[in-house]
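A.B. asks: Model the following, please.
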Amino acid sequence: MNEDMAKWETADGVEFLKKIGLKSAQTVLDFGCRVGHYTIPAAKVVGNKGIVYAVDKEQYALNELEQKAKANNLKNITIIKTTGQTALDFESESIDVVLFYDVLHYLEKHDREELYRQTRRVLKQDGLLSVYPKHTNDDYPTQMFKSLNVDDVKAEIEDSDFHFEEKLCGIISHDDALNLGCTLIFKKMDITVVYDN
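C.D. replies: Numbering: from 1, shown residues only. Reported below is the predicted structural model:
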């Protein structure tokens, strides 16, 4: 790992994740975590009283993450290998923060919608969803995002009963390097059913 990425995981990424709203003792889900460029700093933010669930389907990436967690003496990371499904095998309202960083472009719209629905279920009432919508049509378009822009992604998530809070931009991790990117921050909406008399 190069110096920039090492500094990102131990310092700059920690500060960035604090800005998006991560706090000590929280439970975080890093969905599509790869080698842990966000998992490691998230684990540093939440500390020993918190936990980070690192979910990915690539065993080689999870092996690298496990090595890095050991090297950083981080015991608050739980690594979960999946087959790439969108079902989130967590209890309802058990997660404080969900991260979708550079992962949604792999999924078809109906799969993304199911993932948002699952995310609403597992997030606590005041839970936070942070999305890095890389590979839209204005940022190296590819896969399922090549015809969407960031506003399209934002609207799609809002349509799944999330309230948009803010857009936070800066130098962040993408793959194994740093680039200028923006994350979208949402809160789980409190859905109240109103009955007509």
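A.B. asks: neighbours of residue 91, just the number please.
C.D. replies: 9 (other C-beta atoms under 10 Å). For the C-beta atoms, the positions are set from N, CA and C on the backbone; glycine is no exception.
A.B. asks: Tell me where the protein has helices.
C.D. replies: According to DSSP state H, the chain carries its helices in the segments 3-7, 13-20, 39-46, 59-71, 109-122, 150-158.
A.B. asks: can you put the ones you listed in CSV and add distance to residue 172, mean neighbour count and mean pLDDT?
C.D. replies: Listed next are these as CSV, based on distance: least, C-beta to C-beta, whole Å; neighbours: other C-beta atoms under 10 Å; pLDDT from 0 to 100:
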stretch, distance to residue 172, mean neighbour count, mean pLDDT
helix 3-7, 11, 13, 93
helix 13-20, 6, 18, 97
helix 39-46, 10, 25, 98
helix 59-71, 18, 15, 97
helix 109-122, 21, 18, 96
helix 150-158, 14, 17, 95
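A.B. asks: For residue 81, find the nearest of those.
C.D. replies: Relative to residue 81, the nearest member of the helices of the chain by C-beta to C-beta is helix 59-71, separated by 5.8 Å.
A.B. asks: give me the low-pLDDT residue ranges for the chain?
C.D. replies: Residue ranges of the chain with pLDDT under 70: 191-197.
A.B. asks: mind redoing it with 80?
C.D. replies: Within the chain, the segments meeting pLDDT under 80 span 1, 189-197.
A.B. asks: Thanks a lot, catch you later.
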